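> Would you be able to build a 3D model of this:
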Amino acid sequence: MSIRSICIVGGGSSGWMTAASIARALPEMDVTLIESKNVKTIGVGESTLGHINSFMDSLGLKDEDWMKECNATYKTSIKFTDFAHIGETFHYPFGQYDLTDTKDGLMDWFKWKVRDPEVSNSNFAEFFHSSVEMIDQNKMTNNIDGELRGFNFKKDTAYHMDAGLFGQYLKNNFCTNINHILDDVTEVNMNNSGSVKSLSTGENGELLADLFIDCTGFLSLLLEKALKVPFVSFSDTLLNDRALATQVPYLDKDKEMASVTNCTGIEAGWVWNIPLYNRIGTGYVYSSKYATREEAEVQFRNHLAKTDPKRAAEAKIFALKIRHGIHEKLWVKNVVGVGLSAGFIEPLESTGLMMTHEVIMVLLRTLSRRDGIVNQLDKDAFNFAVRDTMEGFRSFISQHYALSGRTDTPYWKEVTQGIEYSKGAAEYKAVSTPRNDASIDLSYRLNISRQFDTEMGGLPYIAAGSGYSPITKFDLDLVDASSDSVDETWNDTKFRWTTHNKKVKASVSKMPTHYQFLKNMYGDE
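Coordinates of the predicted model:
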C-alpha cells in the first residue's frame with residue numbers, strides 16, 4: 001500500500017502526539033484528526049521515562065519551550081515504598097551504572113552485601129548512582145560542573161507533566177497545518193477486503209484516508225470494534241484492574257515537589273504520587289478481587305491522611321477500570337492502534353505515555369523508510385517490535401510483585417505466593433523468537449544466574465531493593481577458599497563507596513531544591 005493520507009481518530013495526548021510527530025517528520029502527508037466534543041480524555045498518565053527524550057528531540061523541543069505551559073517537573077527515579085517490605089524503600093534511578101570504582105561491576109555490591117548484612121537493600125541504587133543522594137535530599141542540578149559523577153542531566157531526567165496540557169501544546173505548536181475536525185464518528189465503513197474504507201461523521205460527511213490511526217482509548221473503535229482484532233489479556237499475572245485518582249494541592253512545595261514518582265504499597269495494591277508544578281497527582285491502583293470500590297476509597301483516603309487529614313477528606317476521587325494487555329496485532333489492514341486503544345499495562349513503571357511515543361517512533365520509521373510504501377513485511381515487523389516490547393514490560397512489572405517479601409494482606413500473599421510469573425513468558429516464547437534478556441523468563445534468570453550485568457535492564461535494582469541476590473554466602477564460600485582475600489575486597493568496596501558518598505553529600509547540600517531549581521528556570525518570583 002502507498003500511504004499519502006492519514007486520519008487520526010481521537011485527540012488526547014496520544015492523538016496529538018501522533019499528529020505532531022507526523023506533521024514534523026512527514027510534512028508532505030495529508031493528515032486529518034477527528035475528535036469528539038463529548039469524549040473526555042483520561043488524564044492520569046502524567047509520569048514518563050527517559051525514553052521520552054528521543055521523542056522530544058524528534059520534535060526539536062527544549063525544556064524551556066514547553067515545561068512551564070504543561071506544569072511539568074523533572075523526574076530522575078521511580079521510588080518504591082513499602083513494596084518489598086513494609087518500612088523499606090528503594091530506587092530505580094535513571095541513567096547508566098557508575099562502575100568507576102568497581103572491580104567486578106555490579107557484583108562488587110552484592111559481595112559486600114553478603115559479607116555485611118547491615119548494608120541496606122536501598123544502598124544498591126545509592127552505590128551506583130550519585131544522583132540518589134540528590135533525590136533523597138530533594139535537590140536538583142543540571143550538573144554542568146560535574147558535581148554528580150555519572151549523572152547526565154539531559155539523558156538521566158524525564159518528566160512529570162499534565163498530559164492533557166501537553167497534548168494541547170503540541171496541537172497549538174505543531175499541528176496548525178493538519179485538518180482538525182470536532183465531530184463524532186457515527187459509522188466505520190468497511191471494504192470487502194476487511195480494511196476500513198471511510199468514516200461517516202455527524203456533521204462532516206465521509207472521511208477517506210489511506211491509513212487510519214486509532215487513538216480512541218480503551219474504546220478501541222477501529223482496531224477492536226471494527227476490525228475485531230483479539231485482545232490478549234495480561235490479567236493472569238497482573239491482578240490490578242481498578243484505579244482511583246485525584247489531584248491535591250501542595251502543603252509545602254520545597255518538601256513535596258520531589259523529582260521521583262513514588263509508588264507505595266498498601267492493602268490491595270499501590271498508590272502513585274506524581275508532583276507537578278501546580279499540584280500533586282495521586283491515585284490507587286488495586287485489585288477488585290481484594291477490595292470493593294468503597295473499601296478501596298477508604299484505604300486510599302487513609303493513606304492520604306498520613307500527610308494531611310484535611311487534604312485527604314477534601315480530595316475529589318474518580319474511578320477507572322484497567323484492562324491489562326495488548327491487541328494481538330497493532331497494525332491490521334490499514335489501521336494502527338496507538339495509546340490505550342493498542343494496549344495498556346498498569347502504570348507502576350510509567351509505561352503508558354512511553355508505549356505511546358515508542359509506537360509513534362516505530363510508525364514514523366516505517367512510513368519514512370520507503371516514502372510511505374508499506375507492505376505486509378513492514379506490518380509484521382512493526383507488530384513484532386511493539387508486541388515484544390509490551391511483553392517485556394509485562395514481565396518486568398510482574399517482577400516487582402514476584403520479588404516482594406510481603407504477605408501481610410490477602411492481596412500481597414497472592415501476588416507474592418500464588419502466581420506463576422514465568423507462565424506468561426513461556427506462552428509468549430512459544431509464538432515468538434526468544435530474547436536473551438531478563439524479561440523472557442524471570443524464574444530461570446534469577447535461579448541460574450550467578451552474575452547480574454548491566455544489560456539486564458532494571459532487574460538488578462528491583463532484585464537488590466527486594467533483598468534478592470544472585471549470589472549467597474554459600475556461593476562465596478564455594479568459589480573463594482581464602483576468606484582473607486574476600487574480606488579485603490569487601491572492605492575495599494566499603495571504603496571506596498563511603499569516601500565517595502561523603503563528597504557527594506557535601507556537593508548535594510549546596511544545591512537548590514527541585515522546586516527552587518524549577519522556579520528559577522521558569523522565572524517565577
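> which residues in the stretch 301-450 of the chain form helices?
Ranges of helices in the stretch 301-450 of the chain, per DSSP state H, counting those that start in this stretch, are 309-314, 351-369, 376-402, 410-417, 422-431, 442-448.
> out of those, which comes closest to residue 117?
Across those, residue 117 has its closest neighbour in helix 442-448 (19.8 Å, CB to CB). In this view, the C-beta of every residue, glycine as well, is placed from N, C-alpha and C.
> Leaving out the residues flanking it, which one is nearest to the most centrally placed residue in the chain?
The chain has residue 350 as the residue nearest its centroid, 2.1 Å off, counting by CA atoms, centre = their mean. Once flanking residues are discounted, residue 350 sits nearest to residue 47: 4.2 Å by CB to CB, 6 or more residues apart in numbering.
> now the stretch 101-250 of the chain, which segments are flagged as low pLDDT?
By pLDDT under 70, the stretch 101-250 of the chain has no low-scoring segment.
> Where do the helices of it begin and end?
Using DSSP H, counting those that start in this stretch, helices in the stretch 101-250 of the chain cover 107-115, 123-128, 131-136, 163-174.
> Counting neighbours, show which residues of the last one come out buried.
With burial defined by 16 or more other CB atoms under 10 Å, the residues of helix 163-174 counted as buried are 163, 164, 165, 166, 167, 168, 169, 170, 171, 174.
> The fifth one touches residue 18, doesn't it?
Spelled out, it's residue 167. No - with contact defined as CB atoms under 8 Å, residue 167 does not reach residue 18; the gap is 10.1 Å.
> shared neighbours of these two, which are they?
The contact sets of residue 167 and residue 18 do not overlap (CB atoms under 8 Å, 6 or more residues apart in numbering).
> and the gap between residue 151 and residue 51?
The gap separating residue 151 from residue 51 is 18 Å, by CB to CB, to the nearest Å.
> Would you mind telling me which of these two has more residues around it?
Shown here are residue 151 and residue 51; by other CB atoms under 10 Å, residue 151 has more neighbours (25 against 16).
> can you pull the contacts of the more buried one?
Residues near residue 151 by CB under 8 Å, 6+ apart: 95, 129, 130, 131, 134, 141, 143.
> Recalculate using a threshold of 6 Å.
Applying CB atoms under 6 Å, 6 or more residues apart in numbering, we find residue 151 in contact with 130, 131, 143.
> If we ignore the residues flanking it in sequence, what's nearest the first one?
By that I understand residue 130. Using CB to CB, 6+ apart and skipping the chain neighbours, the partner closest in space to residue 130 is residue 148 (4.3 Å).
> okay, now that neighbour: neighbour count?
Residue 148 is flanked by 24 other residues according to other CB under 10 Å.
> Check residue 324 too.
The local packing of residue 324 (other CB under 10 Å) involves 21 other residues.
> do the same with the one 5 residues further on
The local packing of residue 329 (other CB under 10 Å) involves 23 other residues.
> Might you list the low-confidence residue ranges for this protein?
Ranges of the chain meeting pLDDT under 70: 41-45, 422-451, 479-490, 525.
> Can you give the distance from stretch 162-181 to the centre of its chain?
Its chain's C-alpha centre and that of stretch 162-181 lie 23 Å apart, by CA atoms, centre = their mean, to the nearest Å.
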